[in-house]
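*Asks:* prediction below, plus the sequence it came from.
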2 protein chains.
Amino acid sequence: MGQKPLDYKAAGVDYDKVDPVKLLAQRAARATAANLRAHGIAEIEESRGESAYVLDLGEVLVASITECLGTKALIADAVRPLTGRTHYQAIAQDTLAMAVNDLVTLGATPVSVHAYWAAGGTGWFDDQERAADLVNGWKAACDRCGVSWGGGETPALSGVVVEGRIDLAASCVGLVRPRERLVDGRALAAGDAVVLLHSSGIHANGVSLARKVAERLPQGYATRIGDGRGYGEALLDPTPLYSPVTEALHAAGVRPHYLANVTGHGWRKLMRHPGAFTYRFDRLPPVPPVLAFLQQAAGIDDREAYGTFNMGAGFAVYVAAADAEATVRAARGAGIEALVAGRVEAGPRRVVIEPLGLTYGDEELKLRA
Amino acid sequence: MGQKPLDYKAAGVDYDKVDPVKLLAQRAARATAANLRAHGIAEIEESRGESAYVLDLGEVLVASITECLGTKALIADAVRPLTGRTHYQAIAQDTLAMAVNDLVTLGATPVSVHAYWAAGGTGWFDDQERAADLVNGWKAACDRCGVSWGGGETPALSGVVVEGRIDLAASCVGLVRPRERLVDGRALAAGDAVVLLHSSGIHANGVSLARKVAERLPQGYATRIGDGRGYGEALLDPTPLYSPVTEALHAAGVRPHYLANVTGHGWRKLMRHPGAFTYRFDRLPPVPPVLAFLQQAAGIDDREAYGTFNMGAGFAVYVAAADAEATVRAARGAGIEALVAGRVEAGPRRVVIEPLGLTYGDEELKLRA
């Protein structure tokens, strides 16, 4: 394309700037755990800084999380004139998936959710087709992962949220029952298999870069991609809800040693576990056409692409090698394709993708204070 | 002032437009409760549509809520150049109070919270003084109400959140233990007393109107109000956290028959209970100077003022008449002034404020589907 490659920083997201506040907040937050003593309860310390927060009530563990959609709704708004559809049913599922797919990594069964829909003015809700799609998509996603939609907020925030836009987030509560279902990472061991659950596309991470790419394309979101669909429409394929898989694993008697939701940082997230392990992959899931297109159009190499996008791997299940095939079967039974893609080895903390000759080192994923 | 009065609709908030979507969402949400059966748990049906959602786990009840600050941070941003302070410690407390003060109305003890801080770009966090105030204020508020800060989201949402602004919300989990502490409204009865806990000022409701008033004042937020302070600075007095009072009531053996957090709709919220009761008030808490000023500057009458702002009543505790004085003592012991202000009578659902000759009828508070 004769243009310089678009990496994530060029797309306006600067992780270096967010992180110091995150670290300050993490330290302050950690100090508040002492407040639980007065209530006679405790936290699961391993959950702090992880994808969800888990309280130990003795007889039951309660997990909770709040997650934001990000900026994906901006794509729906831009694509609607092309497709004649609002795409907010998909957007609703994406939002719920952000919370649910993180929550289940601790071994929790999601049970209830609150919607957070902050609009840039009351006018947002005047568009009844779009509003109904959001409501109906949210309900369908709740039904798919078996949660009760307990309530929510629909504030109109002129001056805070951009006029005509909406800030979407989900807060989810889950139960770890029996408490032995808790996945705190202690069981992860060299020799374990890594099963990758297929993604449906970009999900809701790497969206800023995808939007920048659309700006550079002469036909923007209308550009045809490898499978003949429009680029924008394909970006809007909703994120799968992976909780039916984690529930199916429990039903099948498979105990995950670790679970990772592949979001920001792409495949680097596969070394989310803090331990000294090497994750070596010798098979790759198929790359969704929209991500193959995006990589090519952005002009980025495999290192950047796999370090940013899920590239076909939406969620990772780390299990005893003997459970790997049962894990794939359970996933398929829940409607999600899966692949025994790699293994856990003793060694330096890194991700090695052999078919691509790529290695991501420890220093390339900093998540904790 | 020679200008027409500013009511809430003139300030850009149109409840009529939000409500149809809220009702659609409430109906869809209600239908998802059936999903809980598969988990062997149930909801407390009375909590649906109320201030927080409560799950019945048998041995324990778990309450959850997500609440938004609204647009109050815009006032902090505007006042900072006048006072030389960011006021984000107060803003943090306001945000937490929005969730905590609603959660406790069901009888729950708040135990954990997630922060939702969505900025209009990563640049927001470059201002380290402001970011540190937000973190420190959040932690102090957590400590004040005894919750553990379990985690949160700090996304940068260029294009969704206005550049330079931040969308703040809190998600809170609480426990109702023992389950007899549940306040589902069934105990409310004619003859009960209504104890009003004093407010500190505007809290975080009616803020759009307060901002419009600042625009009309020649000196804006710098205008001196009755107590000699600046209007803007006084608006930023943080919302009290009322959970220490509800905990103190439990410790004192007082069982509330109903609890109401006075937020949007002002004193109309005092008939939040769905039953056919008349709430008759013969004493009024002192009106915070900032609200007295605001009423005068907006040119609105008592009906509009008490129907919009808390006018000194931040939270209402409905108790057996014999418990009224013990309720006031418990509140004071927790550092919150309180007043036995009214009583519950059999009769049409309405709020009667005798000293002002005001009555709000049933049709003036529509919250449920």
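*Replies:* Perfect, I can see it now.
*Asks:* in space, what's closest to residue A:280 - neighbours in sequence excluded?
*Replies:* residue A:352 (4.6 Å; C-beta to C-beta, 6 or more residues apart in numbering or on different chains). Where C-beta positions appear, they are placed from N, C-alpha and C, glycine not excepted.
*Asks:* touching, the one you found and residue A:282? I think so.
*Replies:* No. Using C-beta atoms under 8 Å, residue A:352 makes no contact with residue A:282, being 9.2 Å away.
*Asks:* count the neighbours of residue A:129 for me.
*Replies:* Neighbour count for residue A:129, taken as other C-beta atoms under 10 Å in any protein chain shown: 11.
*Asks:* and the closest residue to chain B within the stretch 251-369 of chain A, how many neighbours does it have?
*Replies:* Of the residues in the stretch 251-369 of chain A, the one nearest chain B is residue A:264, at a distance of 10.0 Å by C-beta to the nearest C-beta. Counted by other C-beta under 10 Å, the residues lying close to residue A:264 total 18.
*Asks:* show me what the residue nearest to the spatial centre of chain A is bridged to.
*Replies:* Against the mean C-alpha coordinate of chain A, by C-alpha atoms, centre = their mean, the closest residue is residue A:263 at 4.0 Å. Using DSSP bridges, the bridge partners assigned to residue A:263 are residue A:265.
*Asks:* was I right about it contacting residue A:242?
*Replies:* No. Using C-beta under 8 Å, residue A:263 is not in contact with residue A:242; the gap is 11.7 Å.
*Asks:* okay, and the common contacts of those two?
*Replies:* residue A:101 (C-beta atoms under 8 Å, 6 or more residues apart in numbering or on different chains).
*Asks:* low-confidence regions, the stretch 101-250 of chain A specifically.
*Replies:* Residues of the stretch 101-250 of chain A meeting the criterion pLDDT under 70: none.
*Asks:* what are the neighbouring residues in contact with residue A:64?
*Replies:* So residue A:64 contacts A:52-53, A:55, A:103, A:171-174, B:64, B:112, B:114, B:150, B:171, B:173 (C-beta under 8 Å, 6+ apart).
*Asks:* which ones among those residues lie within strands?
*Replies:* Judged by DSSP state E, those include A:53, A:55, A:171, A:172, A:173, A:174, B:64, B:112, B:114, B:150, B:171, B:173 as members of strands.
*Asks:* quick check: residue A:245 touching residue A:328?
*Replies:* No. Residue A:245 lies out of contact with residue A:328 (C-beta under 8 Å); the separation is 10.3 Å.
*Asks:* which one's more surrounded, these two?
*Replies:* Applying other C-beta under 10 Å to residue A:245 and residue A:328 shows that residue A:245 carries more neighbours, namely 26 against 21.
*Asks:* got a list of what the more buried one touches?
*Replies:* Under the criterion of C-beta under 8 Å, 6+ apart, the neighbours of residue A:245 are A:197, A:315, A:317, A:330, A:331, A:334, A:336, A:338.
*Asks:* per-residue confidence at the last one?
*Replies:* Put plainly, it is residue A:338. On pLDDT, residue A:338 comes in at 98.
*Asks:* so what's the nearest residue to it once chain neighbours are set aside up against?
*Replies:* Nearest residue to residue A:338 in three dimensions, chain neighbours excluded: residue A:331, at 3.7 Å (C-beta to C-beta, 6+ apart). For residue A:331, the contact set (C-beta under 8 Å, 6+ apart) comprises A:195, A:197, A:245, A:248, A:317, A:337, A:338.
*Asks:* so how far is the helix or strand harbouring residue A:331 off the chain centroid?
*Replies:* Assigned by DSSP states H and E, residue A:331 belongs to helix A:324-333. Chain-centre distance of helix A:324-333: 20 Å, with C-alpha atoms, centre = their mean, to the nearest Å.
*Asks:* next, the buried residues of the helix or strand following that helix.
*Replies:* As assigned by DSSP H and E, the chain's next helix or strand after helix A:324-333 is strand A:338-346. Residues of strand A:338-346 classed as buried by neighbour count (16 or more other C-beta atoms under 10 Å in any protein chain shown): A:338, A:339, A:340, A:341, A:342, A:343, A:344.
*Asks:* ok, and what's touching the helix or strand following strand A:338-346?
*Replies:* Remark: after strand A:338-346, the chain's next helix or strand is strand A:350-353, criterion DSSP H and E. Residues outside strand A:350-353 that contact it (C-beta under 8 Å, 6+ apart) are A:267-268, A:270-271, A:278-281, A:284, A:302, A:306, A:358-362.
*Asks:* which one of those residues is nearest residue A:188?
*Replies:* residue A:279 (10.2 Å; C-beta to C-beta).
*Asks:* quick check: the closest one touching residue A:341?
*Replies:* No. Counting by C-beta under 8 Å, residue A:279 does not reach residue A:341; the two are 9.6 Å apart.
*Asks:* what do these two both touch?
*Replies:* What both residue A:279 and residue A:341 touch, as defined by C-beta under 8 Å, 6+ apart, is the set residue A:194.
*Asks:* can you pull the pLDDT of the closest residue to residue A:284 other than its chain neighbours?
*Replies:* Nearest residue to residue A:284 in three dimensions, chain neighbours excluded: residue A:355, at 5.6 Å (C-beta to C-beta, 6+ apart). With respect to pLDDT, residue A:355 scores 98.
*Asks:* got it, and the one 5 residues further on?
*Replies:* You'll see residue A:360 listed with a pLDDT of 97.
*Asks:* domains of chain A?
*Replies:* A:41-181, A:193-364 (automatic domain parsing).
*Asks:* right, I'll call it a day here.
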